[in-house]
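In: missing the sequence, but the structure's below:
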């Protein structure tokens, strides 16, 4: 996922969050609001996957190429970040 | 969770999403951006739980009190919304 | 979801977990094992939704009918259980 | 996570799934059963993270070292597997 694509998605997500706030303000039906929250969460996870894909393909791959202890450190760090994404 | 509390949380989430866009723009470290995405996802899930709690305590409870087929329909609908939240 | 259906699903999940252990033992490809873990997690979430649906339709609905502080307690308790499912 | 550790965890998870089946059979309280399902799901996610960590540190790192199109393919494949884990 290119930087411009990520920026566009985040801008759309920001608008969706504002839309949810508007739905709450207008006392819209709870289940409709919940479904919007599900949609935004899914959109955020897609952004996370896009960022992670770049991270593995650049930072982590570069560290692996360079070798040494930094390679394993980058892999540990990426796994820990994935763990936080999965629990969120 | 009161409507005012939900509104405040959504406004904070909107700011956090804008902050993530700023981090991407500034080429901040991927893992730091990923952790912000995890934090926003978690904050959204808290909003969803707050909305769901209100929904069960009002719409669903009212339908159960009123009885008839609408009670079961509301429970089916809430379960389906929870399912979408869990997969998101 | 009926009790017999839940029992059947859990028995299938138990077999799937044993199957994953066999894949690890046989040094099968990591991504194939990961996909089996994803499948089992999804199957468990379906069981959780089935149990939750029953719980809302029986225990929670009965407490709402009976009224009094127990109704709200049951709704709080169900929301807390949903929260733990969403974070798992 | 070593192969022996993963095997031990999976064997424990298999026992926990059997335990949940026993709770359903014994008509134990729904919320207690749901909490056990949450615990097993969390344990499975830990196994998935352990497998993923090994996968990144071996298969993916080896492909990156070897270079060529296979390196990117392995990173794409790992990201897709992570995506399936996150949605499960």
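Out: That came through, no problem. A quick note: this is a predicted structure, and the numbers were derived from the prediction, not measured.
In: Residue A:31: what's its closest spatial neighbour, skipping adjacent residues?
Out: Spatially, and ignoring its direct neighbours in sequence, residue A:31 is nearest to residue B:81 (4.9 Å; Cβ to Cβ, 6 or more residues apart in numbering or on different chains). C-beta: built from backbone N, CA, C; applies to glycine.
In: from memory that neighbour sits against residue A:36, does it?
Out: No - counting by Cβ atoms under 8 Å, residue B:81 stays clear of residue A:36, with 10.9 Å between them.
In: The two: who's more crowded?
Out: residue B:81 (22 against 18; other Cβ atoms under 10 Å in any protein chain shown).
In: list the contacts for the more buried one?
Out: Neighbour list for residue B:81: A:31, A:34, A:35, A:38, B:52, B:55 [criterion: Cβ atoms under 8 Å, 6 or more residues apart in numbering or on different chains].
In: try 10 Å
Out: A:30, A:31, A:32, A:33, A:34, A:35, A:37, A:38, B:48, B:51, B:52, B:55 (Cβ atoms under 10 Å, 6 or more residues apart in numbering or on different chains).
In: what's the angle from the helix or strand where the residue nearest to residue A:31 lies to helix D:69-87?
Out: Per DSSP states H and E, residue B:81 falls inside helix B:69-87. When axes from the mean of the first three to the mean of the last three Cα atoms, to 10 degrees is applied, the directions of helix B:69-87 and helix D:69-87 differ by 150 degrees.
In: before we move on, the earlier item: what's the pLDDT at the residue nearest to residue A:31?
Out: pLDDT, residue B:81: 97.
In: Distance check, it against residue B:75.
Out: Counting by Cβ to Cβ, to the nearest Å, the gap from residue B:81 to residue B:75 is 11 Å.
In: Any residues of chain A in contact with chain D? List them.
Out: Within reach of chain D by Cβ under 10 Å from any Cβ of the partner chain, chain A has these residues: A:42, A:45-46, A:48-50, A:52-58, A:60-65, A:67, A:71-72, A:74-76, A:78-80, A:82-83, A:85-88.
In: So how do I select the buried members of these in PyMOL?
Out: The following PyMOL line selects those of these that are buried, judged by 16 or more other Cβ atoms under 10 Å in any protein chain shown:
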select buried, chain A and resi 45+46+48+49+50+52+53+54+55+56+57+60+61+63+64+71+74+75+78+79+82+83+85+86+88
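In: Same list, the residues of chain A next to chain D, but only the ones touching chain B.
Out: Counting by Cβ under 10 Å from any Cβ, A:42, A:45, A:48-49, A:52-56, A:58, A:60, A:74, A:78, A:80, A:82-83, A:85-88 from the residues of chain A next to chain D sit close to chain B.
In: so which of these are also by chain C?
Out: Filtering those for proximity to chain C by Cβ under 10 Å from any Cβ leaves A:86, A:87, A:88.
In: Pull out the buried residues from stretch A:29-36.
Out: A:30, A:31, A:33, A:34, A:35, A:36.
In: Contact partners for the residue of chain A positioned farthest from its centre?
Out: No residue in chain A sits farther from the centre than residue A:68, which is 29.2 Å out by Cα atoms, centre = their mean. Applying Cβ under 10 Å, 6+ apart to residue A:68 gives no contacts.
In: Can you tell me which residue is spatially central in chain A?
Out: Closest to where the C-alpha atoms of chain A average out (Cα atoms, centre = their mean) is residue A:48, at 2.3 Å.
In: my guess is that one meets residue B:39, correct?
Out: No - contact criterion Cβ atoms under 10 Å: residue A:48 and residue B:39 do not qualify, at 11.2 Å.
In: Spit out the residues that contact these two alike.
Out: Counting by Cβ under 10 Å, 6+ apart, the residues touching both residue A:48 and residue B:39 are A:84, A:88, B:20.
In: Turn these into JSON lines, columns for pLDDT.
Out: Shown next, in JSON lines, are those (pLDDT from 0 to 100):
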{"residue": "A:84", "pLDDT": "95"}
{"residue": "A:88", "pLDDT": "78"}
{"residue": "B:20", "pLDDT": "98"}
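In: Name the residue of chain A that lies nearest to chain C.
Out: As assessed by Cβ to the nearest Cβ, chain C sits closest to residue A:87 within chain A, at 6.0 Å.
In: Per-residue pLDDT of that residue, please?
Out: In this model, residue A:87 is scored at 85, pLDDT.
In: same check, this time on residue A:74
Out: 97.
In: Equivalent analysis for residue A:34, please.
Out: As predicted, residue A:34 sits at a pLDDT of 97.
In: Then the one 10 residues further on?
Out: According to the predicted model, the pLDDT of residue A:44 comes to 97.
In: could you check the distance from it over to residue B:58?
Out: Residue A:44 is 28 Å from residue B:58, where distance means Cβ to Cβ.
In: before we move on, what about residue A:13?
Out: According to Cβ to Cβ, residue A:13 and residue B:58 sit 28 Å apart.
In: in which helix or strand would I find the nearest residue to residue A:3 once chain neighbours are set aside?
Out: Leaving aside its chain neighbours, residue A:3 sits nearest to residue B:24 (6.3 Å; criterion: Cβ to Cβ, 6+ apart). Assigned by DSSP H and E, residue B:24 belongs to helix B:3-25.
In: Noted, bye for now.
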